[in-house]
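Trainee: Any chance you could fold what I've pasted below:
(chains A and B)
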Amino acid sequence: MLRVGLPRALLYHKYHVLWTTFLHECGFGTVVSPPTNRRILERGVALAVDESCLSMKVFLGHADALTGRCDVLFVPRHESYERGEQLCVKFMATYDIVRNTLPDLSLITYNVDVHRGVDERRSMIAMARSLGVRAGVARRAHAHAVTAHHAHEVELARLQQSVAEAPRQGELRVLVVGHSYNLSDRLIGEPILAYLRALDVEVFTSDEVDKAAARRTASAISPTMKWRYNKELLGAVDLYRGLVDGIVFVVTFPCGPDSLMSEFCSRRVTGIPMTTLVLDELFGEAGVRTRLESFVDVVRERRRREQLRDVGP
Amino acid sequence: MSERLVTFPHMGEYWIAFETLTHELGATALVPPPMTKRTLELGARHSPEFVCVPFKYNLGTFVEALEAGANVIAQAGGGCRFGYYAEVQQAILRDLGHQFEMVNITGSWSVWELLNDFRGIAPGVSMPRVVRAFALALRKGKALEAAEDRVRKNVGFEAERGAHRRVMTRFLRDLRSAGGFRDIARLEERVLGELSAIPLDEPERRLRVGVVGELFILMDPYSNHDFERKLAEHRVEVHRSITMTRVIEHGVRSRPHLRALLREADPWLKHHLGADGTESVAMTWRLMNDGFDGMAHLKPFGCMPEVSAMSALQRISREHTFPVLFVSYDAQTAETGIRTRVEAFCDMLHMRAKESIRA
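Mentor: Residues are numbered from 1 along each chain as shown, chains lettered A, B, ... in the order given. Predicted structure coming up:
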């Protein structure tokens, strides 16, 4: 059985259900790299071009961690999911970056560029076919994978929405906005979410919102922003701004799309405290904690005053 | 609104073509003041911290143009962060209290849409007039590029220092006032003749270096600290294939162009990297195989398409022992640093050339 290696980084965090369902139903085994640890990060930093974003460095560390542990490495290439829409250009380059950085690995890939007429379904099926999977099996695998992926996404959004609509569990509610590959990362996002919870904050994430609704509302707020995943973040801000007391942006240095989107947000979304945490490979947990603590203090103070005002003199 | 005073970002000497375009469309151009340290300071002060540096130069240019009285800003866009510049810059400038209209010329890259976007500069202008304005501006761009290409290749060998610059100064002045296609053609012929007549102090063998990278930094000598001239001054023939008019041509015919680039870059890339990344790899590979002595790769710090290209360029450089100088620009980049790196790079190239002659 072919063992397919999946780096636990970048779009894995978004499409793991789609990918693993598809690969398993095609009859392949999968090996996923372990959650990010210091060693993986260090390997990634050593392998990557210096100016790559932290998330790409993490990805290369994961790809490297799978060397010798799988038969082929699975590195899809994504350019666009809709006409007139884009993704961050690093997703266009991921496959070639891995090929040039780790030339000894054998890769399998599929390409999604709906803007140029290359759709996900045909590409994934073609990839499976090239590995000897029968057409019928590949088609069925894809159909099942898509169903499972959507069910997963819908469930995440539904769960979070129901919590948001339920009475408050903690004193404060904060929306953490960041790409799924950052928020779900063991070293990058998870400690931030955990620390906020430790500060008695009820945490919501941009990852668990209705993505299609988020993209629609984002297009209305910022018509020329073309990045699909950033639309989801901007839309999440709009969908949740009335339900939370503060917003924390988690950005990996030097993320191109986020550099502009968070600027736009801070100028056009007003009336709610916001802060941006920019993380690079040198970040220390103490610094992040201090920033979060002071932000939570601000949010708490603001909420206390609002409550006093609501009660009236 | 009173008279429309249209401004645009600075990039090299292309303001001459933008001015012509605006004028031919029937609006008045307000050429922004030449970029200075202040431009970048203004831009950096009001920009997001780690946005790529062209954003900061553009923003600073706009502030200075607005101060000078502009009330319409024309901003272009591209297939990376550049595509989102206009909207964010508009938000920043409005928050600073400026009153203006932003015309977004992204064109979505078909000739028709591009021409249609130009109409935003002078609303109500007829399509035939837009076509003529665009053609004339493009022609000026071509003439400018033909002359600059010649200068890049020869200025390092001029026998009398400043000879090229003298010819170019007069040419730029005349190009600005040239009114028709025939005038531009005559001017181009004249300047190429004059440039050819400049006496050169030829070495036995010329070192040839190609320059690739992100388009703004590549084409704007102010923000790249006159990189090409510094390179040429070390007796190097400098080649650059990316020019404004080619970017436009490739943009409107992107599919065949990308296919051709990918065919060329095939050993290193299977897919397009976005913006100019693919071109950087294809050109480096082509020039290396043409026997060039080295390449320089220029980009703003953090420019993702070019960072992606670097993974291929570093591999080409490593596997073929081919010298590539990587230069990143941000708001803190100092001229001295660039000078030193160019000098060291050129010394190394000259040494390599000598060794290969001996061997």
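Trainee: Could you measure from A:Leu243 over to chain B?
Mentor: 25 Å (C-beta to the nearest C-beta, to the nearest Å). Backbone N, C-alpha and C define where each C-beta goes, glycine included.
Trainee: for the helix or strand encompassing B:Ile184, which positions count as buried?
Mentor: According to DSSP states H and E, B:Ile184 maps onto helix B:181-197. By neighbour count on 16 or more other C-beta atoms under 10 Å in any protein chain shown, the buried set for helix B:181-197 is B:183-184, B:187-188, B:191-192, B:194-195.
Trainee: JSON lines for these, including distance to A:His142 and pLDDT?
Mentor: Output for these, formatted as JSON lines (distance: C-beta to C-beta, whole Å; pLDDT from 0 to 100):
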{"residue": "B:Asp183", "distance to A:His142": "61", "pLDDT": "97"}
{"residue": "B:Ile184", "distance to A:His142": "56", "pLDDT": "98"}
{"residue": "B:Leu187", "distance to A:His142": "60", "pLDDT": "98"}
{"residue": "B:Glu188", "distance to A:His142": "57", "pLDDT": "98"}
{"residue": "B:Val191", "distance to A:His142": "60", "pLDDT": "98"}
{"residue": "B:Leu192", "distance to A:His142": "59", "pLDDT": "98"}
{"residue": "B:Glu194", "distance to A:His142": "65", "pLDDT": "98"}
{"residue": "B:Leu195", "distance to A:His142": "60", "pLDDT": "98"}
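Trainee: The helix or strand harbouring B:Lys142: how far from the chain's middle?
Mentor: Using DSSP H and E, B:Lys142 sits in helix B:127-154. Centroid separation between helix B:127-154 and its chain, computed with C-alpha atoms, centre = their mean, to the nearest Å, is 13 Å.
Trainee: Check which helices and strands it is in contact with.
Mentor: Other elements packing on helix B:127-154 under the criterion 3 or more C-beta pairs under 8 Å, 6 or more residues apart in numbering or on different chains; DSSP states H and E are helix B:15-25, helix B:111-118, helix B:163-177, helix B:181-197, strand B:236-239, helix B:244-252.
Trainee: all helices of the stretch 201-313 of chain A, in order?
Mentor: All helices of the stretch 201-313 of chain A, identified by DSSP state H, counting those that start in this stretch, fall at A:211-221, A:228-240, A:256-268, A:285-311.
Trainee: Quick one, which of those gets closest to B:Ile16.
Mentor: Among the helices of the stretch 201-313 of chain A, the nearest to B:Ile16 by C-beta to C-beta is helix A:256-268 (29.9 Å).
Trainee: Would you tell me whether the closest one gets close to chain B?
Mentor: Yes. Legend: contact between helix A:256-268 and chain B by C-beta under 8 Å from any C-beta of the partner chain is shown at A:256-257, A:259-260, A:262-264, A:267-268.
Trainee: Go through the residues you listed and name the one nearest A:Leu292.
Mentor: When these are compared for distance to A:Leu292 (C-beta to C-beta), A:Ser262 wins out at 16.6 Å.
Trainee: Quick one: residues contacting B:Thr22.
Mentor: In this structure, B:Thr22 makes contact with B:6, B:8, B:28-29, B:74, B:121-122, judged by C-beta atoms under 8 Å, 6 or more residues apart in numbering or on different chains.
Trainee: ok, the buried residues of helix B:181-197 vs chain A, which is closest?
Mentor: Of all the buried residues of helix B:181-197, chain A sits closest to B:Ile184, with 33.9 Å by C-beta to the nearest C-beta.
Trainee: how far away is the closest one from B:Gly26?
Mentor: Distance of B:Ile184 to B:Gly26, given as C-beta to C-beta, to the nearest Å: 20 Å.
Trainee: A:His149 now?
Mentor: From A:His149 to B:Gly26 the distance is 53 Å (C-beta to C-beta).
Trainee: Between those two, which has more neighbouring residues?
Mentor: Between A:His149 and B:Gly26, A:His149 has the larger neighbour count (other C-beta atoms under 10 Å in any protein chain shown), namely 19 against 16.
Trainee: Just want the most central residue of chain A.
Mentor: In chain A, the residue lying closest to the centroid (C-alpha atoms, centre = their mean) is A:Ser180, at 1.7 Å.
Trainee: is it true that it touches A:Lys211?
Mentor: No. The criterion here is C-beta atoms under 8 Å, and A:Ser180 misses it with A:Lys211 at 10.1 Å.
Trainee: Now do the shared contacts for those two.
Mentor: What both A:Ser180 and A:Lys211 touch, as defined by C-beta under 8 Å, 6+ apart, is an empty set.
Trainee: sorry, back to before: format the helices of the stretch 201-313 of chain A as TSV; extra columns: mean pLDDT, distance to A:Cys26 and mean neighbour count.
Mentor: Below are the helices of the stretch 201-313 of chain A laid out as TSV (pLDDT from 0 to 100; distance: least, C-beta to C-beta, whole Å; neighbours: other C-beta atoms under 10 Å in any protein chain shown):
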stretch	mean pLDDT	distance to A:Cys26	mean neighbour count
helix A:211-221	96	26	17
helix A:228-240	97	26	24
helix A:256-268	94	33	23
helix A:285-311	92	41	13
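Trainee: before we move on, back to that, for the helix holding B:Lys142, buried residues please.
Mentor: Neighbour-count burial for helix B:127-154, counted by 16+ other C-beta under 10 Å, picks out B:130, B:133-134, B:136-145, B:147-154.
Trainee: quick one on the thing from earlier: any idea which helix or strand comes after the helix holding B:Ile184?
Mentor: Downstream of helix B:181-197, the next assigned helix or strand under DSSP H and E is strand B:207-213.
Trainee: contacts for the next helix or strand after that next one?
Mentor: Using DSSP H and E, the helix or strand that follows strand B:207-213 towards the C-terminus is helix B:215-219. Helix B:215-219 is contacted by residues B:11-12, B:14, B:53-54, B:57, B:78, B:82, B:211-212, B:223-224, B:240, B:242-244, B:247, B:275-276, B:298-300, B:329 when judged by C-beta under 8 Å, 6+ apart.
Trainee: Now that we have these, which of them are buried?
Mentor: Applying 16+ other C-beta under 10 Å to those flags B:11-12, B:14, B:53-54, B:57, B:78, B:82, B:211-212, B:223-224, B:240, B:242-244, B:247, B:275-276, B:298-300, B:329 as buried.
Trainee: out of these, which touch chain A?
Mentor: Restricting these to those adjacent to chain A (criterion: C-beta under 8 Å from any C-beta) gives B:Ala275.
Trainee: what's the burial count for B:Lys56?
Mentor: Using other C-beta under 10 Å, B:Lys56 has 24 other residues around it.
Trainee: Would you check that my belief about it contacting B:Pro48 is correct?
Mentor: No. Using C-beta under 8 Å, B:Lys56 is not in contact with B:Pro48, being 9.3 Å away.
Trainee: Around chain B, which positions in the stretch 101-250 of chain A sit nearby?
Mentor: By the rule C-beta under 8 Å from any C-beta, the part of the stretch 101-250 of chain A lying against chain B is A:101, A:103, A:111, A:116, A:222-227.
Trainee: re earlier: include neighbour count when you put the contacts of B:Thr22 into a markdown table, please.
Mentor: A markdown table is the format used below for the contacts of B:Thr22 (neighbours: other C-beta atoms under 10 Å in any protein chain shown):
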| residue | neighbour count |
| --- | --- |
| B:Val6 | 27 |
| B:Phe8 | 29 |
| B:Thr28 | 14 |
| B:Ala29 | 23 |
| B:Ala74 | 24 |
| B:Ile121 | 25 |
| B:Ala122 | 22 |
